[in-house]
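Enquirer: build me a model:
(2 chains)
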Amino acid sequence: MSTEAHAAEAPHGASVGTNLAIWIGLVAITGLEVFLAYEELQPTLMLSILVGLSLVKAAMIMSYFMHLKFEKFSLVLWLIPAIIFCICMMLIFFFPEAFRLLQMRPHGG
Amino acid sequence: MHDVKTDAALDSAWSGGASPFAMGSKKLGMWLFIVSDTLTFSALLITYSYSRLTNPDWPKPFPMNPAIIFSTTMTVVLLASSLTMVMAVMAAQRNDRKSTVLWMIATMAGGLTFMGLHLREWFHLFEEGATITHNPWGTPQFGAVFFGITGMHMTHVLIGVIYLGIVATGYGRGKFSAEDVEVNGLYWHFVDLVWMFVFPLIYLMSVKY
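Expert: Down below sits the predicted model:
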């Protein structure tokens, strides 16, 4: 069996303290999101901030709880750019057409 | 008989014969599933975001008390269940079967609590007159988007709870390995991760001031 296959079976990941700190961080960001919801920001600005904060939370969960930080970097390079590329393709094809249709609404949206 | 040259080739990360990402096929398979499911939820949430921004009369049926307090509690419960899952995986890596099963039961309890709270929220909206096709507050799309996205997520939670039950039973009886618990953990954390987008986008973007 190769060294890499042995590495797959060996315990890995962050300590209990680090995972607890990540959990507290996630709860704190959730609290910040709830606070922002009551600031009555413009929907576009609010959406941008919330998506940004959610991406930070997603990165924390993937890195520590899902152990991605402790896996081989080639796995990260294989998975993450593929997800980003596909989401970019959705945005590129969906939004221009959606906003063109919006302009065609009888009262201009 | 071993051919030293062939063995060396199979051990190479680039040959594909060893373990290119230093993980078993189950874990790699779960990562691939997570990528595909990420795209499913991305499509739903991108479509929702467009609908939310382009409809000025988008319903805002969630007051601070009780809806936002309620959904924030749901979020904290789901996050707590992720932490118990982390503890289960760590216990499995120590080969501590009893602790692993107990932490997994705690994770299932978190998932079931989340589902119970969520169903209560759904029935509250039903009582207020919201359905998939119409609602008393504004844009009729709201029901389809809300029940569609949260329903899709809740289905994932339900599958996760069943999956946890199967793996916990199998691991407790020695049929499954620590890797199976870790793969189960990946799925559960993904369900938690998706909620980190659903909660702010669906609930916090529709707060009743």
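Enquirer: C-alpha only now, for contacts and for neighbours.
Expert: Noted.
Enquirer: thought B:T133 was touching B:Q141?
Expert: Yes: between B:T133 and B:Q141 there is a contact at 6.8 Å, judged by CA atoms under 8 Å.
Enquirer: neighbour count: those two, which is higher?
Expert: B:Q141 (19 against 12; other CA atoms under 10 Å in any protein chain shown).
Enquirer: that one contacts B:A130, doesn't it?
Expert: No: B:Q141 is beyond contact range of B:A130, at 10.6 Å (criterion: CA under 8 Å).
Enquirer: which pLDDT value belongs to the closest residue to B:F146 other than its chain neighbours?
Expert: What sits nearest to B:F146 in space, not counting adjacent residues and going by CA to CA, 6 or more residues apart in numbering or on different chains, is B:I202, at 7.0 Å. Looking at B:I202, its pLDDT reads 93.
Enquirer: what's the local residue count around B:I202?
Expert: 22.
Enquirer: residues near B:M205, how many?
Expert: Neighbour number of B:M205 under other CA under 10 Å is 25.
Enquirer: did I read that right, it in a helix?
Expert: Yes: assessed by DSSP: H, G, I helix; E, B strand; the rest coil, B:M205 belongs to a helix.
Enquirer: how near is it to B:W31?
Expert: Computed as CA to CA, to the nearest Å, the B:M205 to B:W31 distance reads 30 Å.
Enquirer: I'd say B:L53 and A:T44 touch.
Expert: Yes: applying CA under 8 Å, one finds B:L53 in contact with A:T44, separated by 6.7 Å.
Enquirer: need the contact list for A:I24.
Expert: Contacts for A:I24 (CA atoms under 8 Å, 6 or more residues apart in numbering or on different chains) come out as none.
Enquirer: who touches the residue positioned nearest the centre of chain A in this structure?
Expert: By CA atoms, centre = their mean, chain A has its centre lying nearest to A:L55, at 3.1 Å. Residues near A:L55 by CA under 8 Å, 6+ apart: none.
Enquirer: which helix or which strand is home to it?
Expert: helix A:43-60 (DSSP states H and E).
Enquirer: could you tell me which residues within that helix count as buried?
Expert: For helix A:43-60, the neighbour count (16 or more other CA atoms under 10 Å in any protein chain shown) marks A:43, A:46-47, A:49-51, A:53-54, A:57-60 as buried.
Enquirer: repeat for stretch B:135-148
Expert: Under 16+ other CA under 10 Å, the buried positions of stretch B:135-148 are B:135, B:139-147.
Enquirer: just give the number of residues close to B:D192.
Expert: 25.
Enquirer: do the same with B:L53
Expert: Counted with other CA under 10 Å, B:L53 comes out at 15.
Enquirer: so where is chain A shaky, pLDDT-wise?
Expert: A:1-12, A:107-109 (pLDDT under 70).
Enquirer: longest helix anywhere in it?
Expert: Secondary structure of chain A read by DSSP state H shows that its longest helix is helix A:73-103.
Enquirer: mind checking if that one is in reach of chain B?
Expert: Yes: shown here: helix A:73-103 in contact with chain B (CA under 8 Å from any CA of the partner chain) through A:74-75, A:79, A:83, A:86-87, A:90-91, A:95, A:98, A:102.
Enquirer: may I see the residues you listed organised as CSV, with neighbour count added?
Expert: Output for those, formatted as CSV (neighbours: other CA atoms under 10 Å in any protein chain shown):
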residue, neighbour count
A:S74, 11
A:L75, 16
A:L79, 14
A:I83, 16
A:C86, 14
A:I87, 16
A:M90, 16
A:L91, 15
A:F95, 14
A:A98, 14
A:L102, 14
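Enquirer: among the residues you listed, which two are most distant?
Expert: Spatially, the most separated pair among these is A:S74 and A:L102, at 41.9 Å (CA to CA).
Enquirer: mind listing what residue 49 touches?
Expert: Picking chain A for this. A:I49 neighbours (CA under 8 Å, 6+ apart): none.
Enquirer: actually chain B
Expert: A:47, B:201 are the contacts of B:S49 under CA under 8 Å, 6+ apart.
Enquirer: which element is it on?
Expert: helix B:25-54.
Enquirer: my guess is B:L39 meets A:F85, correct?
Expert: No: B:L39 is not in contact with A:F85 according to CA under 8 Å; the separation is 10.5 Å.
Enquirer: who has more neighbours, those two?
Expert: B:L39 (16 against 11).
Enquirer: the more buried one and chain A, how far apart?
Expert: 7 Å (CA to the nearest CA, to the nearest Å).
Enquirer: what distance do you get for that residue to B:P140?
Expert: 25 Å.
Enquirer: again, but for B:I69
Expert: For B:I69, the distance to B:P140 - CA to CA - is 25 Å.
Enquirer: did I read that right, B:K60 in a strand?
Expert: No: assessed with three-state DSSP, B:K60 is coil; it does not lie in a strand.
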